[in-house]
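Structure of the sequence below:
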Amino acid sequence: MSREVLLVVDTQRGAFEGEWAMPQGDALVAACQRAIAWARGRGARVVWVQHHEVGGPMSGAGFEIDPRLAPQPDEPRILKTEPNALSNTALAPLLQGAARVWVVGLQSDCCVQATALAAHQAGWPVTVVADAHHTWPNAGRSAEAVRDAVNADLAAAGVPLTTLAELDPA
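Numbers count the residues shown, from 1 in each chain. Next up, the predicted model:
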C-alpha cells in the first residue's frame with residue numbers, strides 16, 4: 001500500500017450539469033479519471049472532497065460526486081463549506097504520514113488553490129496535477145487562462161506541479 005493520497009476536490013454533479021456546467025467539463029472528468037486510475041493502480045488512498053452549499057449548485061442532486069468518477073465505498077469523503085479542504089479537521093488524519101498528497105479537481109482559482117496552498121503552508125508534501133484541475137471563465141479570461149495563472153501562482157508559492165503525462169507516461 002502506497003503512502004500517497006490523491007485528493008479529488010469538488011467533482012460534484014452540480015459543476016457538470018445544467019446552468020452551472022463548466023466549460024470542458026468532460027475533459028476534466030477524463031483527466032480526473034486518469035489520475036484516479038493512476039492512484040488506485042499504485043495503491044494510493046483516494047479521498048473525495050465535497051463542497052456543501054445549501055441552495056447552490058452543489059446542493060441537492062448537485063452534491064453527489066459525478067458518477068463517471070466512480071468513487072469506491074471504502075474511499076473516504078470529506079465535506080467542506082470553505083474553499084480550503086483542510087478547514088475540515090477530519091482531513092488531516094487522512095493525510096498523516098503521507099509521502100505525497102496529489103490534488104486534482106475543481107475549482108482551480110478557489111478550492112484547488114486554497115487547499116494546495118494550505119497543505120503546503122502546513123508542511124504537507126503536496127503536488128498539484130496541473131492539467132487535472134479546471135474552472136470557469138472569470139474577469140474576461142478564459143477558463144484555461146485562469147487555470148494557467150493559478151498554476152503559475154502555485155509554482156511561485158513553492159507548490160510543486162506535475163502533469164498527467166509525468167504521472168503516467170503511458
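
mind checking how far residue 74 is from residue 156?
37 Å (Cβ to Cβ, to the nearest Å). The way it works is simple: take the backbone N, C-alpha and C, and place the C-beta from them, glycine included.

Ignore what I typed, I meant residue 12.
29 Å.

who's more crowded, the two?
residue 12 (26 against 8; other Cβ atoms under 10 Å).

Poorly predicted segments of the protein, please.
Within the chain, the ranges that satisfy pLDDT under 70 run 1, 56-57, 59, 170.

Tell me the residue in it that is farthest from the middle.
residue 140 (23.8 Å; Cα atoms, centre = their mean).

so how far is residue 146 from that one?
Residue 140 sits 10 Å away from residue 146, going by Cβ to Cβ.

What is the neighbour count of the nearest residue to residue 3 once chain neighbours are set aside?
Leaving aside its chain neighbours, residue 3 sits nearest to residue 99 (4.2 Å; criterion: Cβ to Cβ, 6 or more residues apart in numbering). The tally of other residues near residue 99 (other Cβ under 10 Å) stands at 10.

Residue 8 against residue 45, yeah?
No. Assessed by Cβ atoms under 8 Å, residue 8 is found out of contact with residue 45, at 11.0 Å.

which of the two has more neighbours?
Comparing residue 8 with residue 45 by other Cβ under 10 Å, the one with more neighbours is residue 8, at 26 against 20.

List the beta-bridge partners for that one.
Beta-bridge pairing for residue 8 (DSSP bridges): residue 48, residue 104.

Would you mind writing the CA trace of stretch 12-22 as CSV?
C-alpha atoms of stretch 12-22 as CSV (Å, rounded to 0.1, in the frame of the first residue of the first chain):
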residue,chain,number,x,y,z
GLN,A,12,-19.7,17.1,-8.0
ARG,A,13,-22.6,16.8,-10.4
GLY,A,14,-23.6,20.4,-9.9
ALA,A,15,-20.4,21.5,-11.6
PHE,A,16,-21.0,19.5,-14.7
GLU,A,17,-24.8,19.7,-15.3
GLY,A,18,-27.4,22.4,-16.0
GLU,A,19,-26.9,26.1,-16.0
TRP,A,20,-23.6,25.8,-13.9
ALA,A,21,-22.0,23.3,-16.2
MET,A,22,-18.3,24.2,-16.6
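
Now do the buried residues in that stretch.
12, 13, 14, 15, 16, 22 (16 or more other Cβ atoms under 10 Å).

go on, stretch 149-163?
Those would be 149, 150, 151, 154, 159, 161, for stretch 149-163 by 16+ other Cβ under 10 Å.
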